Every structure is written in structure tokens, then in C-alpha cells.
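>>> Give me a model of this one.
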Amino acid sequence: QVPLVESGGGLVQAGGSLRLSCAASGRTFNRYAMGWFRQAPGKEREFVAAIGWTSGRTYYADSVRGRFTITRDNAKNTVYLQMISLKPEDTAVYFCAAHGNLDVIMHGPDYWGQGTQVTVSS
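Here you go, the predicted model:
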């Protein structure tokens, strides 16, 4: 098990910024690829971004590339999602996720956090 706890969500105006954090428990954090997903009301959960063990590789959904940045601090067992130029369509519950393989995580993580709400007002 890899318990994941997200924080940093909230209400922001369009064009604003937020940084989400996801704290993981356990001593094997640096062996997992980490990712972010989101689920808007009435829609399926979708992949947002992922990062490999050593931060050398990252993947982004086309809808957020250039606006969102995923990073990780293995010393703090934490992964971050910096979001800028937010749009109302970014409104969703954002979930942190973990998987042993970066090339697989976007298709089905092994572990999920409980989610944090991000609301972007127009």
C-alpha cells in the first residue's frame, strides 16, 4: 500500500494559479511513478500528468501541457502539480496516483488518493 494524501485545492479565478501537493507514506516512494488525474462532474476520470522515479521523464495531457507542471521531491515523499493560467474547464476533483511503471500509470494506477477539489470561476 502507498497511502496518498492530496492538498492545495480551492477556489480560484480564471487565469489564476494553484499548486497541489500529494504526500505519500512509506519508504518506497522513490520507486513509484506518480501522477495526477481529475474528474469533472458527470465526466470520466482523466489523466493529467505523470512523472518518473527520478523526475527525468514527464507526461502531460494535451489539455494541460504548457500550463501545468508536475514535479516531485523524493526526500519529502511529495509530488506537486503547479497549475497556471487556469480555466473554468479545469474545474474537477484532482486525484494523486502511483504506479510502479511510468508507461502504465496513465492507463491504470495501482494506488489513489482521496482527491482535492479545484474550482475555477469565470
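>>> Which residue comes closest to the spatially most central residue of the chain once chain neighbours are left out?
The chain has Trp36 as the residue nearest its centroid, 2.4 Å off, counting by C-alpha atoms, centre = their mean. Nearest non-adjacent residue to Trp36, counting by C-beta to C-beta, 6 or more residues apart in numbering: Val48, 4.3 Å away. Where you see a C-beta, it was placed from the backbone N, CA and C, and this is true even at glycine.
>>> The one you found reaches Ala40, doesn't it?
No: using C-beta atoms under 8 Å, Val48 is not in contact with Ala40, being 11.5 Å away.
>>> quick one: contacts for the residue nearest to Trp36?
The contact partners of Val48, taken as C-beta atoms under 8 Å, 6 or more residues apart in numbering, are Gly35, Trp36, Phe37, Arg38, Tyr60, Ala61, Val64, Phe68, Leu81, Tyr94.
>>> And Ser25, how close does it get to Leu4?
Applying C-beta to C-beta, to the nearest Å, the value for Ser25 to Leu4 is 8 Å.
>>> How about Val64?
With C-beta to C-beta as the criterion, Val64 and Leu4 are 20 Å apart.
>>> between those two, who's got more neighbours?
Leu4 (25 against 22; other C-beta atoms under 10 Å).
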